[in-house]
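J.: Model the following, please.
(one chain, ligands or ions: 1)
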Amino acid sequence: MTIAFIHEEIPTEQVEQREKVLSSLTDAVRDLVDATIRSTVADDELDAVRAEVEALAARLRAAQLPGPAGVRYNSEGRSWNWGNAVVGRGNAVAPPVDITHDEFGSAYAELTLGAAYEGPPGMVHGGVSALLLDQIMGETASGFKRLTMTGTLTLRYRRPLPLGPVRLEAQIDRESGRKITVEARIGVPGEDAAVEATGLFLIPSWAPLDESAASWSRSAEG
Ligand SMILES: CCCCCCCCCCCCCC(=O)SCCNC(=O)CCNC(=O)[C@H](O)C(C)(C)COP(=O)(O)OP(=O)(O)OC[C@H]1O[C@@H](n2cnc3c(N)ncnc32)[C@H](O)[C@@H]1OP(=O)(O)O
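T.: You can find the predicted model right below:
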């Protein structure tokens, strides 16, 4: 099975303009998700809203990609992955997360998780913690200069994580050939970690050890 990045020759300025407009729509959809979960309006009002939402979806379906958004890049080295489940600017399921890479081998992010990410009452779903940790660890292992895939992820849930502000941190622990071990954690900012993770990330045998020569890079905006 091939994992391919899509070369699309759109000028960076145009990509950034589209990303800005798309991000605003995505924020509005995310707010709609939160509003839906927490709404206590009457049933007939829920039904009226459903009809309007269906009409809006039909407008967006007037022009669609044939499949998922994929990861795209232009020859200026700008890439965009608007469908990604964690950082995708077009994905209202993504919290979203802005990951800062301090230097190669270390990263962090701060975000607020609302009602859409609930597991135990008032707490972050364990799978959501795993999702966020997988992304930050994968990006840390890759450093956007090589393709890495999650091989094995080990999580220790030490204490429940309340919905609200959270902080994620990751750093490479060790590397050997195609194997990169990353340590990470998520918790309330300034408190002990709620979940600790260790991940073994692999550069697949079919991928180059370093892809930076392919003039492929990710902008800070992601
Ligand atoms: C420039 C590019 C930038 C890209 C941007 C990136 C952003 C990232 C953000 C994305 C974040 C989201 C991230 C996601 O969500 S990634 C999505 C979730 N992960 C997957 O779908 C991975 C599925 N698995 C595979 O594709 C293959 O099995 C891989 C590629 C992992 C290995 O297949 P490959 O053919 O390459 O390897 P091999 O079988 O010859 O074995 C080689 C060695 O590795 C050892 N081994 C194998 N498998 C495992 C395992 N599972 N755990 C531990 N060890 C394992 C094996 O024993 C052997 O060891 P040794 O005998 O040599 O000692």
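
J.: Can you list the helices and strands that the helix or strand that residue 52 is a member of packs against?
T.: Residue 52 belongs to helix 43-60 when elements are defined using DSSP states H and E. On a contact count with 3 or more CB pairs under 8 Å, 6 or more residues apart in numbering; DSSP states H and E, helix 43-60 meets no helix or strand. Bear in mind the C-beta positions are built from the backbone N, C-alpha and C, glycine included.

J.: Would you check how far apart the spatially most central residue of the chain and the ligand are?
T.: The chain has residue 86 as the residue nearest its centroid, 1.7 Å off, counting by CA atoms, centre = their mean. Separation of residue 86 from the ligand (CB to the nearest ligand atom, to the nearest Å): 8 Å.

J.: What's the local residue count around the spatially closest residue to that residue that is not a sequence neighbour?
T.: Closest residue to residue 86 apart from its sequence neighbours, by CB to CB, 6 or more residues apart in numbering: residue 135 at 3.9 Å. Using other CB atoms under 10 Å, residue 135 is surrounded by 23 other residues.

J.: Check the one 3 residues further on too.
T.: The burial count assigned to residue 138 is 20, neighbours taken as other CB under 10 Å.

J.: Check whether it sits in a helix, strand or coil.
T.: helix (DSSP: H, G, I helix; E, B strand; the rest coil).

J.: Report the contact partners of it.
T.: By CB atoms under 8 Å, 6 or more residues apart in numbering, the residues touching residue 138 are 148-150, 199, 201.

J.: Which among the residues you listed count as buried?
T.: Neighbour-count burial (16 or more other CB atoms under 10 Å) is assigned, among the contacts of residue 138, to 148, 199, 201.

J.: now, which of the residues you listed sits nearest the ligand?
T.: Among the buried ones among the contacts of residue 138, residue 148 lies closest to the ligand (CB to the nearest ligand atom), at 6.1 Å.
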